[in-house]
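Q: The following comprises the amino acid sequence and a computationally predicted model.
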Amino acid sequence: MDMHNARDAGAARLDDPWYDALASGWGGSDETAGPPRRARPPAAEEVYTEVHGSAAFQEVRRRYRRFVFPAAAAFLLWYLAYVVAATTAPGMMARPVAGALNVAMVAGLAQFATTFLLTWAYARHARLRRDRVALELRWVTQEMMRGHGR
């Protein structure tokens, strides 16, 4: 038998490991057979609206904002102070600190150190203050999407 028959072109073989019969609509369960189905799970919009209004979600957002906004403002001010000092006070920035290191180089390296410190602080804050509550909220959301509880 010719494998490249024109009438078989484009047809998926049932023994193909990449063929998903259930996703294609073939091989699904018959709606008339078996026990009655449960009520349809709520739509994603309904779940999102309910979770968004929950006290747990608002707490996660509040904890996030209480860390991120001040940290971002402080880092931005620190960066702008470096740029302003470099442009308005080049004599001060050129002042030697130790050997070939000057104030500008030390401040520039401190920018990198501050970035890594802020990244560590953010990850620590997320782990200690938000992750557990967010994970619990995720499980609640998944259960709601399955229609198992409210």
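A: Structure received. Numbering: from 1, shown residues only.
Q: Got the phi and psi for Ala81?
A: phi -60, psi -40 (degrees, to the nearest 10).
Q: From Glu143, how far off is it?
A: As for Ala81, its distance to Glu143 is 49 Å (criterion: Cβ to Cβ, to the nearest Å). (Glycine included, C-beta is placed from N, CA and C.)
Q: more crowded one of those two?
A: The neighbour comparison of Ala81 against Glu143 (other Cβ atoms under 10 Å) goes to Glu143, with 14 against 11.
Q: From the contact counts, what lies against the helix or strand where that one lies?
A: Here Glu143 is covered by helix 131-146, with elements defined by DSSP states H and E. Counting contacts by 3 or more Cβ pairs under 8 Å, 6 or more residues apart in numbering; DSSP states H and E, helix 131-146 packs against helix 44-52, helix 55-88.
Q: Select from those helices the stretch with the lowest mean pLDDT.
A: Set side by side, the helices and strands packed on helix 131-146 differ in mean pLDDT, and helix 44-52 is lowest with a mean of 82.
Q: any low-confidence regions in this structure?
A: 1-42, 148-150 (pLDDT under 70).
Q: Please repeat the previous calculation with a cut-off of 50.
A: 1-8, 13-14 (pLDDT under 50).
Q: which residues touch stretch 85-103?
A: With contact meaning Cβ atoms under 8 Å, 6 or more residues apart in numbering, stretch 85-103 is reached by 104-107.
Q: Please list only the buried members of those residues.
A: Among those, those buried by neighbour count (16 or more other Cβ atoms under 10 Å) are 104, 107.
Q: Many thanks, have a good one.
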